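Sequence and predicted structure are below.
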Amino acid sequence: MNVTIVDYKSGNISSVINSFKEVAENKIKIEVTSDVGKIKSADKVVLPGQGSFKSCVNALQSISGLVDCLNDFVMNKKKPLLGICVGLQMFADVGYEESETKGLGWIPGKVTKINNRDGKYKLPHIGWNEINIVKDSKIFKNIKDKSHMYFVHSYEFVPNNQNSISATTEYSSKHVCAIEKENIFGTQFHPEKSDKLGLQIIDNFMRL
Amino acid sequence: MLKNRIIPCLDVKNGRVVKGINFVDLKDAGDPVEQAKIYSDGGADEICFLDITASNENRDIIYEVVEKTSKKCFVPLTVGGGVRSIDDINKLLNCGADKVSINTAAVENSKVVVDSSKKFGSQCIVVAIDAKKNGDKWEVFTHGGRNNSGIDALEYAKKMEDSGAGELLVTSMDRDGTQVGYDIELMSQISSKVNIPLIASGGVGNLDHLVEGIKSGKASAVLAASIFHYGKYSVKEAKQYLESKGIPVRT
């Protein structure tokens, strides 16, 4: 089995690589690449994302054939993909960071700025927050409700329909922090920086 | 509910910890990797390395330290000290730092903050402000506290937020090393002025100081060095104490 982390030159992915390698313990091959051919043949794909929605989408599109390849992987081949942070946000139809930008459109919805309630809530939402598990998700095996995960973001994914939401968190209001829709998984928090519980989520994903 | 963070800070010089934990049975008390691991296993919410290496020829050692640490610690790692350019930031992030703190370079040229937050995202850009009271205001100091820029710390904090900083790490130079507590007035004034999280630093001598930093100083996170290094308190004890005072922490 091999797990491929998409390296599309947007933000810092070394922590993602380190955490997957730690969990894989040389038993599972971790590939880090932007090579479309390699991503095509992957068993599982990880889509990280740092920086703005717009810059991540632009970076994905700048690599020829990558978006088509990811669409095929997820929508036709139905293989597991895990989006992290902006990686999850890009599942949406549209994002409003910097300017209105079209997303991958895998899960209908939009990405908007967290309401800071006139400065009452500092942004970014940085730090450890509890997750409320709202439906069974394969990546939450051995993860208890109200576990702490590490967050850092100012925008949130607002899906049109609630069915795909697997966890929420409270900051200013209740917002989506994990998604599962068939073979599509996503976390707004950073499992790679969420200590042992985060590594457990990574392990769960790799064992799917 | 978002938890307040406790961040132990390790001073690293020429790749070795100075003022490190000296109470634990360490194989190598000067090894920053081992010390960072002890903190993260003990419940630290983040780890901070401050590189205080003076000579240029030894500056590259920090990259190796960060690389090794990031393979063992799976909580956020912030690295600061001597960060001058986009290239420095890029190297630290590639080695596995999650955030980089910029001090002198941000005072000299705020474009570093603008450019780096655009390039890497605000989430990894921390601006460190060393402030010292002068009359009824605070002034920003640079070069490890040696030079007074004369810049008003409150105005500077706002400017850094506007430039794209994701967080501010505010150190009171009057309090640093004194163990008499944070400069609460400085922290609360800056925190009220900006809409990004503030990490309070400088002066912690006991656990009540951490409580004050959060409750009165309005800090999102509290950074401390010596109270943890010298074994006065563990991170776990600090968290229990904060919790007993009604402060939300990750347990």
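Received, thanks. Residues are numbered from 1 along each chain as shown, chains lettered A, B, ... in the order given.

Just the strands from chain A, written as ranges.
Using DSSP state E, the strands assigned to chain A run over residues A:2-6, A:29-33, A:44-47, A:81-84, A:94-95, A:101-102, A:109-113, A:125-130, A:132-133, A:148-153, A:155-159, A:165-171, A:173-181, A:184-187.

actually the stretch 1-150 of chain B, not the one I typed
B:5-13, B:16-18, B:47-51, B:77-80, B:99-102, B:125-134, B:137-142, B:147-152 (DSSP state E, counting those that start in this stretch).

Can you give the contact residues for the third one?
Residues lying outside strand B:47-51 but in contact with it, judged by CB atoms under 8 Å, 6 or more residues apart in numbering or on different chains, are B:7-13, B:32, B:36, B:39-40, B:59, B:62, B:65-66, B:69, B:73, B:75-82, B:101, B:223. The C-beta positions use only the backbone N, C-alpha and C, and glycine is treated the same way.

Adding distance to chain B as columns, could you present the strands of chain A in CSV?
Below are those laid out as CSV (distance: least, CB to the nearest CB, whole Å):
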stretch, distance to chain B
strand A:2-6, 14
strand A:29-33, 12
strand A:44-47, 15
strand A:81-84, 13
strand A:94-95, 14
strand A:101-102, 15
strand A:109-113, 12
strand A:125-130, 4
strand A:132-133, 11
strand A:148-153, 4
strand A:155-159, 11
strand A:165-171, 5
strand A:173-181, 11
strand A:184-187, 14
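
could you dump the ones you listed to TSV with mean pLDDT?
TSV is the format used below for the strands of chain A (pLDDT from 0 to 100):
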stretch	mean pLDDT
strand A:2-6	97
strand A:29-33	96
strand A:44-47	98
strand A:81-84	98
strand A:94-95	98
strand A:101-102	98
strand A:109-113	97
strand A:125-130	98
strand A:132-133	98
strand A:148-153	97
strand A:155-159	97
strand A:165-171	98
strand A:173-181	97
strand A:184-187	98
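
wait, which of the strands of the stretch 1-150 of chain B is closest to B:Met160?
With CB to CB as the criterion, B:Met160 lies closest to strand B:125-134 of the strands of the stretch 1-150 of chain B, at 4.3 Å.

Which of the strands of the stretch 1-150 of chain B has the lowest mean pLDDT?
Mean pLDDT is lowest for strand B:16-18 among those, at a mean of 87.

on that earlier part again, need the strands of chain A in TSV with mean neighbour count, can you?
TSV is the format used below for these (neighbours: other CB atoms under 10 Å in any protein chain shown):
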stretch	mean neighbour count
strand A:2-6	22
strand A:29-33	16
strand A:44-47	25
strand A:81-84	26
strand A:94-95	20
strand A:101-102	16
strand A:109-113	19
strand A:125-130	24
strand A:132-133	17
strand A:148-153	24
strand A:155-159	21
strand A:165-171	21
strand A:173-181	20
strand A:184-187	26
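
what ranges do the helices span in the stretch 151-251 of chain B?
B:153-163, B:184-193, B:207-215, B:226-229, B:235-244 (DSSP state H, counting those that start in this stretch).

Indicate which one of these is closest to B:Lys3.
That would be, of the helices of the stretch 151-251 of chain B and by CB to CB, helix B:235-244, which comes in at 9.3 Å.

Count residues in the vicinity of residue 117, would you?
Reading this off chain A. Per other CB atoms under 10 Å in any protein chain shown, the neighbour tally for A:Arg117 reads 9.

let's do chain B instead
21.
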